[in-house]
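Peer 1: Generate a structure from the sequence data that follows.
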Amino acid sequence: MARSLKYPYKVKSRNVWDGWHWRKKSRVSKDEKVMASLMVQQMYGADPLPDKAVVTMIRIAPRALDDDNNVGGMKHIRDGLASALGFKDDAVSSGVTFVCGQARGKAKEYALLVQIE
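Peer 2: Okay, the predicted model is just below:
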């Protein structure tokens, strides 16, 4: 059964991350992993987690990023989702497949749509 959740969050470009101090990178990385874990808890509650999953992450924003920055900006969210779903890592061999995409939002609309199938 597919589950989805739209979360109001501005996914930062990889270029933005590269300009940050290491302490800020560490804090934001941890916050994104916790956010991803809470998203999985909200989607599944007490239901059992899947053995295999296809996770689609869609960045919603007024302007698109190039593919590298979009995928790189979701790195820590991706790691947090894999961990929260009970997979050792985010490799395909572990049973989870990630798909990253983008959708155009309204002016000043930023969100992350996560779908787990």
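
Peer 1: Just the endpoints, please. Distance across stretch 3-11?
Peer 2: 21 Å (C-alpha to C-alpha, to the nearest Å).

Peer 1: Outside of that stretch itself, list whatever touches it.
Peer 2: 35, 39, 42-44, 59-61, 70, 73-74, 77, 110-116 (C-beta atoms under 8 Å, 6 or more residues apart in numbering). To be clear about C-beta, it is placed using only N, CA and C from the backbone, and glycine gets the same treatment.

Peer 1: can you list the weak-confidence ranges in the chain?
Peer 2: Low-confidence segments of the chain, defined by pLDDT under 70: 90.

Peer 1: quick revisit: any of the contacts of stretch 3-11 buried? List them.
Peer 2: 35, 39, 43, 59-61, 70, 73-74, 77, 111-112, 114-116 (16 or more other C-beta atoms under 10 Å).

Peer 1: Would you mind extracting the C-alpha trace of stretch 78-98 into CSV?
Peer 2: What follows is stretch 78-98 as a C-alpha-only set of coordinates in CSV (Å, rounded to 0.1, in the frame of the first residue of the first chain):
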residue,chain,number,x,y,z
ARG,A,78,17.4,9.9,2.1
ASP,A,79,19.7,8.5,4.8
GLY,A,80,17.2,9.2,7.5
LEU,A,81,14.4,7.6,5.6
ALA,A,82,16.4,4.5,4.9
SER,A,83,17.4,4.2,8.6
ALA,A,84,13.8,4.8,9.8
LEU,A,85,12.5,2.2,7.5
GLY,A,86,14.9,-0.3,9.0
PHE,A,87,17.4,-0.6,6.1
LYS,A,88,21.1,-0.8,6.8
ASP,A,89,21.9,1.8,4.2
ASP,A,90,20.3,3.5,1.2
ALA,A,91,21.9,1.0,-1.3
VAL,A,92,19.6,-0.8,-3.8
SER,A,93,20.9,-4.1,-2.5
SER,A,94,19.4,-3.4,0.9
GLY,A,95,15.9,-3.5,-0.5
VAL,A,96,15.2,0.2,-0.8
THR,A,97,15.2,2.2,-4.1
PHE,A,98,15.1,6.0,-4.1
